[in-house]
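In: The sequence isn't on hand, but the structure is:
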């Protein structure tokens, strides 16, 4: 399966994620739908996974959307919120970062489960 197929079939088609991207740890984009993240910004998330402290005060941007930092699972996941009920999930695998954005009306837990499921699959496949 191509990286674009993972984004479209495993994330977007579920209805739990409205925009998504997969980037390498160096920030290089592997695939995306409705989400453009500059390489430099994507690469910063590898460091944020182990030390999210800078995010507490400033939050972060994915594409053009600003997110408030909500919480992190050290080395694995960052969760952010935007507006009243939109948000994002960022998961780290062995070689990739998976970015999933959800809009208002989508349950955050469902979005989290969708992105985490793909991350777990890629980890089990050594990606």
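Out: Arrived safely. Predicted model, so just to flag it, every value in this text is computed and none were measured.

In: max-length strand in this structure?
Out: Ranked by residue count and defined by DSSP state E, the top strand of the chain is strand 65-73.

In: Could you spell out the sheet neighbours of the helix or strand just after it, each with its direction?
Out: Downstream of strand 65-73, the next assigned helix or strand under DSSP states H and E is strand 77-82. The sheet places strand 77-82 alongside strand 65-73 (antiparallel), strand 86-92 (antiparallel), with pairing taken from DSSP bridges.

In: Dump these to TSV, plus mean pLDDT and distance to residue 36.
Out: Where you see a C-beta, it was placed from the backbone N, CA and C, and this is true even at glycine. As requested, the strands paired with strand 77-82 are exported to TSV (pLDDT from 0 to 100; distance: least, C-beta to C-beta, whole Å):
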stretch	mean pLDDT	distance to residue 36
strand 65-73	95	11
strand 86-92	97	14
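
In: deepest of these, which one?
Out: Mean neighbour count (mean count of other C-beta atoms under 10 Å) peaks for strand 86-92 among those, with a mean of 24.

In: chain center to it: distance?
Out: Relative to its parent chain, strand 86-92 has a centroid offset of 4 Å by C-alpha atoms, centre = their mean, to the nearest Å.
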